[in-house]
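Colleague: Pasting the sequence and the predicted model now:
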Amino acid sequence: MAVMNHEQSALLDRLFSLKTVVTTTRILLGVFFILSAIANTIHFYDQGGILETLTTAKLRLWGFKFEGIGPLPALLSLPYAYLLSPVELAVGFLFLLNRWVRWAGLVMMLLLFSFLLAFGFVGPDGLFPNNAPSFDKNFFLLTSAWFCAAYDHYLRTKPRRDRLNAADSLGSLSR
């Protein structure tokens, strides 16, 4: 077993710092959403594309031989279909450019939650037979978006918290 010296330990600490992990996650999520928007745009009108899926597929909220409800009425499915790619592209670029990450993360979480609702928490044949990869991917992306948005919120509110803590400590010293 090799023993690490101080320089190697410092390099690993810097490499795996929270800021590095969040930045990497944020960039990967941004790229994923940009690529998803491009793919949805290219295959928008194709058979099995996003337009056909949203206007004809049934919502599979739960499984165990449940065939689903729907499809969604055109009043909901058409605006969603046409707005999905631009919104994915926008939140992807906002994440990639580190701008308005809290708000882009919130929109991203709403999109991912809608995917979970649309494609089901549990597949039609039970939890694992066909729906586990989709559910796992969406849940992982949802958690990652929340993680990035929460970290951005933490960084944005840190100066205010520091000022309040400093005022509290000054107030307690004067008593």
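Modeller: In hand now; what should we look at? Numbers count the residues shown, from 1 in each chain.
Colleague: going forward, measure contacts and count neighbours with C-alpha atoms only.
Modeller: Will do.
Colleague: Excluding sequence neighbours, find me the nearest residue to residue 31.
Modeller: Nearest residue to residue 31, sequence neighbours excluded (C-alpha to C-alpha, 6 or more residues apart in numbering): residue 92, at 6.2 Å.
Colleague: show me the contacts for the residue nearest to the spatial centre of the chain.
Modeller: Against the mean C-alpha coordinate of the chain, by C-alpha atoms, centre = their mean, the closest residue is residue 145 at 3.3 Å. Residues near residue 145 by C-alpha atoms under 8 Å, 6 or more residues apart in numbering: 26, 29, 105-106, 108-109.
Colleague: now residue 113
Modeller: Counting by C-alpha under 8 Å, 6+ apart, residue 113 makes contact with 138, 142.
Colleague: And it, how far from residue 18?
Modeller: Distance of residue 113 to residue 18, computed by C-alpha to C-alpha, to the nearest Å: 25 Å.
Colleague: do the same with residue 47
Modeller: In terms of C-alpha to C-alpha, residue 47 sits 43 Å off from residue 18.
Colleague: ok, now how distant is the closest residue to residue 146 other than its chain neighbours from residue 148?
Modeller: Distances taken as C-alpha to C-alpha, 6+ apart put residue 105 closest to residue 146, at 6.4 Å, once the chain neighbours are dropped. Distance, residue 105 to residue 148, using C-alpha to C-alpha: 7 Å.
Colleague: now swap in residue 51 and tell me
Modeller: Noted for residue 51: a distance of 30 Å to residue 148, by C-alpha to C-alpha.
Colleague: Of those two, give the one with the bigger neighbour count.
Modeller: Higher neighbour count among residue 51 and residue 148: residue 148, with 26 against 22, using other C-alpha atoms under 10 Å.
Colleague: right, and that one touches residue 21 too?
Modeller: No. With contacts counted by C-alpha atoms under 8 Å, residue 148 stays clear of residue 21, the gap being 9.5 Å.
Colleague: Quick one: distance of the helix of greatest length in the chain to the chain centre.
Modeller: As assigned by DSSP state H, the longest helix anywhere in the chain is helix 132-174. Here helix 132-174 shows a centroid-to-chain-centroid distance of 16 Å under the convention C-alpha atoms, centre = their mean, to the nearest Å.
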